[in-house]
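> prediction below, plus the sequence it came from.
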Amino acid sequence: MNVLKSGSQAVRIEQDVVMARQTARKLAVEAGLRLVDQTKLVTAASELARNTVVYGRGGDMDWEILEDERRKGLRLTFRDQGPGIADMKLAMTDGWTSGSGLGLGLTGAKRLVDDFSVESAPGEGTRVMICKWT
Amino acid sequence: MERIPILRMGDFLLVTIQVDMHDELAITLQDDLSERISKTSARGVLIDISALDMVDSFIGRMIGTISGLSKIMDAETVLVGMQPAVAITLVELGLTLPGVITALNVERGMKLLRERVQAE
């Protein structure tokens, strides 16, 4: 698998959530994702960027346009140095929220993409990776 | 401060969302709308989201809240113009907007509002 292009941008304040999804849209078009898949990835990015700002106290979004033998993809990684997720099983439950949201952020994002992974430990921040392929 | 305009058309209020909304803007719209419903005694609210290429759980929740809020204030809300890709994504996200009335476009939405208001 080759990385064709990569970069990073800050996700610190609410306005950065809008910037993150605009970047995700631009890159999804560039990677050649079809419209529905672009929309799914952008929506997942919006949920995760908001989590980074609200729960992670700000962080970054790394992006990579990938290519393997037969397809292209866009991978986004949201990183923060926040309090982390104490109970991953609970966090991955539909409708559960530690804040005031709907509890669809993590689980919803997972449903919208092809690859999903989350790493977190209390006090060590959170790292969520999503990827969508053509 | 940035605001989404609310237009008055007779008994109805028309909101056309044309910008990529950040969360605070969505909350401001919610507050502005409830105030305008109260001030104008509007019977219906039409929210046109045909220009939105994404609706996430936050915006979805805002739409649900506006719908519930206007109902309590004796006004109906109809959501119009959702793009197919947005609809597919919303359902997969797990947000089906229960209780929100939808129509395909502004014209049909307006017709639906008139019928519902007249039926009362």
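It's in.
> contacts and neighbour counts: CA atoms only from here.
Fine.
> for the lengthiest helix in chain B, buried residues please.
With DSSP state H applied, the helix covering the greatest number of residues in chain B is identified as helix B:23-40. By neighbour count, and taking 16 or more other Cα atoms under 10 Å in any protein chain shown as the criterion, the buried residues in helix B:23-40 are B:23, B:25, B:26, B:27, B:29, B:30, B:33, B:37.
> what of stretch A:29-43?
Along stretch A:29-43, these residues count as buried under the neighbour rule (16+ other Cα under 10 Å): A:31, A:32, A:33, A:35, A:37, A:38, A:39, A:40, A:41, A:42, A:43.
> what of stretch A:8-16?
For stretch A:8-16, burial by neighbour count (16+ other Cα under 10 Å) applies to A:10, A:11, A:12, A:13, A:14, A:16.
> which residues does the first one bridge with?
In this structure, residue A:10 bridges to residue A:60 when assessed by DSSP bridges.
> which residues touch it?
A:16, A:58, A:59, A:60, A:61 (Cα atoms under 8 Å, 6 or more residues apart in numbering or on different chains).
> ok, residue B:102 next?
When contacts are counted by Cα under 8 Å, 6+ apart, residue B:102 is found next to B:78, B:79, B:80, B:109.
> in which helix or strand would I find it?
Using DSSP states H and E, the secondary-structure element containing residue B:102 is strand B:101-103.
> re earlier: which residues touch the longest helix of chain B?
When contacts are defined by Cα under 8 Å, 6+ apart, helix B:23-40 is touched by residues A:14, B:2-4, B:6, B:13, B:42-43, B:58-59, B:62, B:65-66, B:69-70, B:73, B:75.
> let's have the buried residues of stretch A:8-16 in CSV, adding pLDDT and distance to residue B:101.
Below are the buried residues of stretch A:8-16 laid out as CSV (pLDDT from 0 to 100; distance: Cα to Cα, whole Å):
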residue, pLDDT, distance to residue B:101
A:10, 98, 38
A:11, 97, 34
A:12, 97, 35
A:13, 95, 33
A:14, 91, 29
A:16, 96, 31
